[in-house]
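J.: Build me a model from this:
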Amino acid sequence: MVAAPKLVEIEGPAYERGLSYGRQADVQLRHGLGVYRDLFCQHGLGWDSVLAYAARLREALAPQVPEAMDELRGIAAGAGVQLEEVLVINGRSEIINLHAQRPRDTGSLDDGCTAAVVLPQLSVSGRLLHVQNWDWLPDCAESTVVLRIRSERHPDILTYVEAGGLARAGFNDQGVAITGNNLVSAQDGKAPFGVPLSVIRRRVLEAGGYSQALTELYRLPRTVSNNMTISCAQSGDCLNFETTPAEIYWQAPEGACLTHSNHFVSTQARARERDLGIARGADTLFRDRRLRRLIEAAGQKHDLGSLADVLDDRFGAPRGIIRTPQGNEGETNAYLSATVAMILMDARAGEMRVRQLPYANGDTHSYRLH
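T.: Prediction:
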């Protein structure tokens, strides 16, 4: 059996939230640090040099996102690790792209993913549903938690995340949900010391309602490319954002669902950007379109259970909508990747379901915001 992600509940001011978070998730956080230390070593990046660049990121972020930095300091103190180590978990993509001795294939240190939003007219309940398969290192399943955040200044939040991170996939009590998919462009690393993706996602969820969340996404500077899908359960709407350090390309759904994987889809982005991710995993070109066809098949309406079945599609194995580690050995990315988790969200109902290592595990665990 695969263990369920630990539920970590935090509240109060930023530093106190972080302190509690670090104390509750210290085992998972330390496991994650071990995974990344080994991964960077495989790419010829010494841990001391990685931490040195994390220190530069720390100094750059202090004036940009002071509340987030207070929480990260608390996490480090609670877990008994260095702040720079917590920054590695939150900003591995940014740190690697800034590193003086970064590997040629920086995309080999970033995750994949296939995500979908089903609009109300295609769901059994009439509520918007937001789901994702997160593809990355299988060992990271042991370093994930579900974080429930209570705050007087911000909306309450439920997010699935690597321990020590501020957010990955999640939603707030205003019905705003977010997922992120890796993108790789020629711009990555050319705008130093932007806000890490984990912090951006948390700030989007903290911003409040839909309009505030979208504005916050546009406001924050970035160092690496990423696709972020933001939905609003209250209005039954969603928008997709293909972001680079310099540009944001937005897309509205066409029909009753929106899907995305790991390549630029918008016409403007395809005309302007050098998409470096396709050669590292050309399966992205069919995953998003296949997911949409499966969701729309025969006019079926969906709930979280049926969407889990769709996300378990094995076509193209081992590199399909669900990714299995068997058969990925020796792939060009030089690491063994698989679907770490299936995350299913019904923000209007306040429910998140998580299935860890779904290629080998059928147990789904449910978490509630309230």
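J.: now the strands: where do they sit in the stretch 251-370 of the chain?
T.: 257-260, 338-346, 351-356, 365-368 (DSSP state E, counting those that start in this stretch).
J.: Any chance of these in CSV with mean neighbour count as columns?
T.: Where you see a C-beta, it was placed from the backbone N, CA and C, and this is true even at glycine. CSV is the format used below for the strands of the stretch 251-370 of the chain (neighbours: other C-beta atoms under 10 Å):
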stretch, mean neighbour count
strand 257-260, 24
strand 338-346, 25
strand 351-356, 22
strand 365-368, 14
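J.: how close does the residue of the chain most remote from its centre sit to Ser306?
T.: Going by C-alpha atoms, centre = their mean, the residue of the chain most distant from its centre is Ala298, 30.6 Å out. For Ala298, the distance to Ser306 equals 12 Å [C-beta to C-beta, to the nearest Å].
J.: what do you get for Ala233?
T.: Ala233 is 18 Å from Ser306, by C-beta to C-beta.
J.: My guess is Ala79 contacts Gly32. True?
T.: No. Shown here, Ala79 and Gly32 do not form a contact pair, counting by C-beta atoms under 8 Å, at 10.4 Å.
J.: Can you check which residues contact both of these two?
T.: Gly164 (C-beta atoms under 8 Å, 6 or more residues apart in numbering).
J.: Which residue comes closest to the most centrally placed residue in the chain once chain neighbours are left out?
T.: Nearest to the mean C-alpha position of the chain, by C-alpha atoms, centre = their mean, lies Arg168 at 3.7 Å. Leaving out its chain neighbours, the residue that sits closest to Arg168 by C-beta to C-beta, 6 or more residues apart in numbering is Val161, at 4.3 Å.
J.: Name all residues that make contact with that neighbour.
T.: Thr144, Val145, Val146, Leu147, Ala167, Arg168, Ala169, Gly170, Ser198.
J.: Around the first one, count how many other residues there are.
T.: Using other C-beta atoms under 10 Å, the number of residues around Thr144 comes to 27.
J.: Now it: phi and psi?
T.: Main-chain torsions, Thr144, degrees, to the nearest 10: phi -100, psi 150.
J.: per-residue pLDDT, it?
T.: pLDDT for Thr144: 98.
J.: Which strand residues bridge it?
T.: Glu162 (DSSP bridges).
J.: for it, what are its contacts?
T.: Counting by C-beta under 8 Å, 6+ apart, Thr144 has contacts Pro5, Gln28, Tyr160, Val161, Glu162, Ala163, Val340, Ala341, Gln356.
J.: Isn't the fifth one up against Cys140?
T.: Yes. In terms of C-beta under 8 Å, Glu162 counts as a neighbour of Cys140; the distance is 6.2 Å.
J.: so what sits against both of these two?
T.: Contacts common to Glu162 and Cys140, judged by C-beta under 8 Å, 6+ apart, are Gly32.
J.: Comparing those two, which residue is more hemmed in?
T.: Glu162 (26 against 22).
J.: ok, that one to Ala308 distance?
T.: For Glu162, the distance to Ala308 - C-beta to C-beta - is 22 Å.
J.: Could you do Ala55 as well?
T.: Distance from Ala55 to Ala308, by C-beta to C-beta: 42 Å.
J.: Those two - which one has more neighbours?
T.: The neighbour comparison of Ala55 against Ala308 (other C-beta under 10 Å) goes to Ala308, with 19 against 14.
J.: show me what contacts the more buried one?
T.: So Ala308 contacts Val131, Met342, Leu344, Arg353, Arg355, Pro358, Thr364 (C-beta under 8 Å, 6+ apart).
J.: of all the strands of the stretch 251-370 of the chain, which lies closest to Pro245?
T.: strand 257-260 (19.1 Å; C-beta to C-beta).
J.: List the buried residues of the helix or strand containing Arg58.
T.: Here Arg58 sits within helix 47-61, counting by DSSP states H and E. For helix 47-61, the neighbour count (16 or more other C-beta atoms under 10 Å) marks Val50, Leu51, Tyr53, Ala54, Leu57, Arg58, Ala60, Leu61 as buried.
J.: likewise stretch 244-257?
T.: Quick answer for stretch 244-257 (16+ other C-beta under 10 Å): Thr244, Pro245, Tyr249, Gln251, Pro253, Ala256, Cys257.
J.: Distance to Arg153 for those - can I get that in TSV?
T.: Compiled in TSV, those are given as follows (distance: C-beta to C-beta, whole Å):
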residue	distance to Arg153
Thr244	31
Pro245	29
Tyr249	31
Gln251	31
Pro253	32
Ala256	36
Cys257	34
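J.: And these, which two are furthest apart?
T.: Pro245 and Ala256 (32.7 Å).
J.: just checking, Gly189 is part of a strand?
T.: No. Under DSSP: H, G, I helix; E, B strand; the rest coil, Gly189 falls outside any strand and is assigned coil.
J.: tell me the mean pLDDT for stretch 266-274?
T.: Rounded mean pLDDT across stretch 266-274 is 97.
J.: cool, stretch 121-136 as well?
T.: Mean predicted confidence for stretch 121-136 is 98.
J.: And for stretch 74-91?
T.: On average, stretch 74-91 scores 97.
J.: Endpoints of that stretch, how far apart?
T.: Start and end residues of stretch 74-91 are separated by 17 Å (C-alpha to C-alpha, to the nearest Å).
J.: Now it: buried residues?
T.: Result for stretch 74-91 [16+ other C-beta under 10 Å]: buried residues 74-79, 81, 83-91.
J.: Distance of the closest residue to Glu94 other than its chain neighbours relative to Asn90?
T.: Spatially, and ignoring its direct neighbours in sequence, Glu94 is nearest to Thr223 (4.3 Å; C-beta to C-beta, 6+ apart). Using C-beta to C-beta, we find Thr223 at a distance of 12 Å from Asn90.
J.: I'm done for today, thanks for sticking with me.
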